[in-house]
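Asks: Generate coordinates for the sequence data below:
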Amino acid sequence: MEDVVHQDVGEHPLGLRRSGRIEQPTQHGRYRGRAAGDLGPGHLVAAAMTYYDYVRQHVWAAAGMTGTRFLTRPEWQTGRNTAHPYFHDPQGQWTDGTARFRYIVGDAAGDAFTTCADLDRFGRRLWQQRLLDPGHTALTLSGKVPMPRAGTSPGDGNGVPAQANFQCYGPMGALVAVQWVFNHGGGNSLGVSTSLEVYPETDWGVVILSNCAGSAVPLTAALARKLSTAER
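Replies: Now for the predicted structure:
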């Protein structure tokens, strides 16, 4: 098992890789998946346990995420309770994407297996200050850098108010009319796609999980935000 992990993340005995120069924060919003992935092996030193054990104990258990887990690819392929992702192959046929994932599925950059209910619990406990103390919750969720096409985006004339978008420490934050919305999403071209949005002022949570490649998740998330924040 250790040989597989080291093969996936690099030659360093802890799996750490050289990621190059760290850039100053900007409005370009560049995603550094490798940098996120390097956070996991560091827990071997900082927390005296593996990244996987740390997340199970300090994140999932604390958030009440009883249905969330890491899997190996064979477990994923043979399990009856875990959805498979599908994408269009060059011939336009829907294809099961599980064979294209690593042996151990999931690291600090993503790809754990979860449910809508578990993600909703995570989002609620985060903004309710039940995962972090009040100071670190505010640090995590406060806007750090204005995002492109924000400053303030005008309303669309169909009931969606103007909003200002910011990069926070992890999630995105949007000030929509008079309420904050925090969201985080991710996915890949093989069909995995996820979106989580929480609305602290109104106690709404929106979770979307998809196993088909395409634009269904962002379109559905946009519709949910429109319905949740439209001026009445």
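Asks: Find the centremost residue of this structure, please.
Replies: Centre of the chain computed as the mean C-alpha position; nearest residue by CA atoms, centre = their mean is Gly185, 4.5 Å away.
Asks: Which element, helix or strand, includes that one?
Replies: Take DSSP states H and E as the rule and Gly185 turns out to sit in strand 179-187.
Asks: and the next helix or strand along the chain from that strand, which strands flank it?
Replies: Read in the C-terminal direction, the helix or strand following strand 179-187 is strand 193-199, with elements assigned using DSSP H and E. Under the criterion DSSP bridges, strand 193-199 sits next to strand 179-187 (antiparallel), strand 204-210 (antiparallel) in its sheet.
Asks: I'd like these as JSON lines, with distance to Gly67 appended.
Replies: (Each C-beta comes from the backbone N, C-alpha and C, glycine too.) Shown next, in JSON lines, are the strands paired with strand 193-199 (distance: least, CB to CB, whole Å):
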{"stretch": "strand 179-187", "distance to Gly67": "18"}
{"stretch": "strand 204-210", "distance to Gly67": "12"}
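Asks: To Met172, which of these lies closest?
Replies: Relative to Met172, the nearest member of the strands paired with strand 193-199 by CB to CB is strand 179-187, separated by 5.3 Å.
Asks: Give me the distance from that closest one to the chain's centre.
Replies: Using CA atoms, centre = their mean, to the nearest Å, the mean C-alpha position of strand 179-187 is found 9 Å from that of the whole chain.
Asks: pull the CA atoms of it into PDB?
Replies: The C-alpha coordinates for strand 179-187 follow below in PDB (Å, rounded to 0.1, in the frame of the first residue of the first chain):
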ATOM      1  CA  GLN A 179     -26.800  38.000   2.700                       C
ATOM      2  CA  TRP A 180     -23.600  36.000   2.400                       C
ATOM      3  CA  VAL A 181     -23.400  32.700   0.400                       C
ATOM      4  CA  PHE A 182     -20.500  30.400   0.700                       C
ATOM      5  CA  ASN A 183     -19.800  27.700  -1.900                       C
ATOM      6  CA  HIS A 184     -17.200  25.200  -3.000                       C
ATOM      7  CA  GLY A 185     -17.300  22.800  -5.900                       C
ATOM      8  CA  GLY A 186     -15.100  20.600  -7.900                       C
ATOM      9  CA  GLY A 187     -15.000  17.800 -10.400                       C
END
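Asks: average pLDDT across it?
Replies: When the per-residue pLDDT values of strand 179-187 are averaged, the result is 91.
Asks: Can you give the contact residues for that strand?
Replies: Residues from elsewhere that reach strand 179-187 (CB atoms under 8 Å, 6 or more residues apart in numbering): 110, 123, 127, 141, 163, 168, 170-174, 193-202, 210, 217-218, 221, 225, 228-229.
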